[in-house]
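> below is the sequence, then the predicted model.
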Amino acid sequence: MPLSPPPQADPIQSVVAAVLASRKYRAIAPELVASIAAGELAKGRSHKAAVKATKNQLHQSAAVYQTGRMAYDQWLSALKQVWPDVDGREPLLRGLMAEHTSTNERLPFLDEFYSRIFALLPPIHSVLDIACGLNPLSLPWMPLASQATYHAVDIFSDQIAFLNNFFRVANMSGKAETRNVLTDCPPEPVDLALILKTIPCLEQMDKSAGSRLLGSIRARHLVVSFPIRSLGGRQKGMADTYAAHFTALIADWDVQVTRLDFANELVFVLQRQPQ
Ligand SMILES: C[S@@+](CC[C@H](N)C(=O)[O-])C[C@H]1O[C@@H](n2cnc3c(N)ncnc32)[C@H](O)[C@@H]1O
């Protein structure tokens, strides 16, 4: 009996396997890698070109913000060692947040950042931090209601495991999950959604991502921010461009919007009226 030919490897999964084989991308949610790979192959690219383009996309929208090798095991040991010493916590957390460009940029005005935002809000009992990076480490700076819950999502499974360990060490009622928010944003209603410096990243992958994400979130209040300096430090009118873009995204929303300007971040605090 003639042998049947070996099954052809799935071209999308071949690209995914090649991308995840590299140390820099291995912890990224495979379904996000697969969806980018599928888009690149659909453009008619070869396996090699699709691997390159997928890595490039993941670099631009996620890996570029990680300033080096993220030493999560060492960081966890440091957290466990320092946490009992209340005075040691803040310097350690600041040091860890410096390892992700987005939180690092916020460090010079971190106290003011959360005090100005929360001054506009009623007591917050639940937070959803979308595409969180290392921002959950700034939880001690957020004046939340006692017993508040914190739910954080991002695409790096190793970072998510570290954040869950942080919540445990700090005895905070937090939960972190690996999720691609382009297709799988948590649906639970919350008091506050944080969408910090994330819409431009998501819109690099999918132009309609910002409006779809905002439309899918069930939060009474939202804090949405945009970077107003590029990673290279240039300003290029980013504040005006993003302000206009965001105004268009929420054009038909019935919300009160307050704009807060920080040195390198433009913030919008959205408060829905009680029903
Ligand atoms: C500019 S950083 C902002 C991080 C954090 N929100 C902050 O402001 O400190 C963008 C974040 O989006 C995450 N990200 C990119 N694409 C994502 C996706 N499809 N789903 C979830 N997170 C994503 C990246 O891993 C990165 O942590």
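Arrived safely.

> CA atoms for contacts and neighbours, from now on please.
Fine.

> got the contact list for stretch 45-60?
Here stretch 45-60 makes contact (C-alpha atoms under 8 Å, 6 or more residues apart in numbering) with 11, 14-16, 18-19, 25, 33, 36-37, 40-41, 201, 205.

> go through that stretch and flag the buried ones.
Along stretch 45-60, these residues count as buried under the neighbour rule (16 or more other C-alpha atoms under 10 Å): His47, Ala50, Val51, Lys52, Ala53, Thr54, Lys55, Gln57, Leu58.

> over to stretch 14-23?
Val15, Val16, Ala17, Ala18, Val19, Leu20.

> what does this protein put close to the ligand?
61-62, 102-103, 131-135, 154-155, 179-182, 196-198, 201-202 (C-alpha under 6 Å from any ligand atom).

> touching, Pro227 and Ile195? I think so.
No - the criterion here is C-alpha atoms under 8 Å, and Pro227 misses it with Ile195 at 11.8 Å.

> quickly list what's touching both of these two.
Contacts common to Pro227 and Ile195, judged by C-alpha under 8 Å, 6+ apart, are absent.

> before we move on, the earlier item: now go through the buried residues of stretch 14-23 and say which are in helices.
Val15, Val16, Ala17, Ala18, Val19, Leu20 (DSSP state H).

> please name the nearest non-neighbouring residue to His125.
Spatial nearest neighbour of His125, chain neighbours left out: Ala148 (4.2 Å); criterion: C-alpha to C-alpha, 6 or more residues apart in numbering.

> how far away is that neighbour from Asp191?
10 Å (C-alpha to C-alpha, to the nearest Å).

> between these two, tell me which one has more neighbours.
Under the neighbour definition other C-alpha atoms under 10 Å, Ala148 and Asp191 were set side by side, and Asp191 has more, 19 against 16.

> can I assume the more buried one sits in a strand?
Yes - looking at Asp191 with DSSP: H, G, I helix; E, B strand; the rest coil, it is inside a strand.

> could we number from 880 for the rest of this?
With the count now opening at 880, the last piece we talked about shows up as Asp1070.

> can you pull the pLDDT of it?
At Asp1070, the model reports a pLDDT of 97.

> residue contacts, it?
For Asp1070, the contact set (C-alpha under 8 Å, 6+ apart) comprises Ile1003, His1004, Ser1005, Val1006, Ala1098, Arg1099, His1100.

> would you turn those into JSON lines with secondary structure and pLDDT?
Putting those into JSON lines (DSSP: H, G, I helix; E, B strand; the rest coil; pLDDT from 0 to 100) gives the following:
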{"residue": "Ile1003", "secondary structure": "coil", "pLDDT": "97"}
{"residue": "His1004", "secondary structure": "coil", "pLDDT": "98"}
{"residue": "Ser1005", "secondary structure": "strand", "pLDDT": "98"}
{"residue": "Val1006", "secondary structure": "strand", "pLDDT": "98"}
{"residue": "Ala1098", "secondary structure": "strand", "pLDDT": "96"}
{"residue": "Arg1099", "secondary structure": "strand", "pLDDT": "96"}
{"residue": "His1100", "secondary structure": "strand", "pLDDT": "97"}
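
> this completes my enquiry, with thanks.
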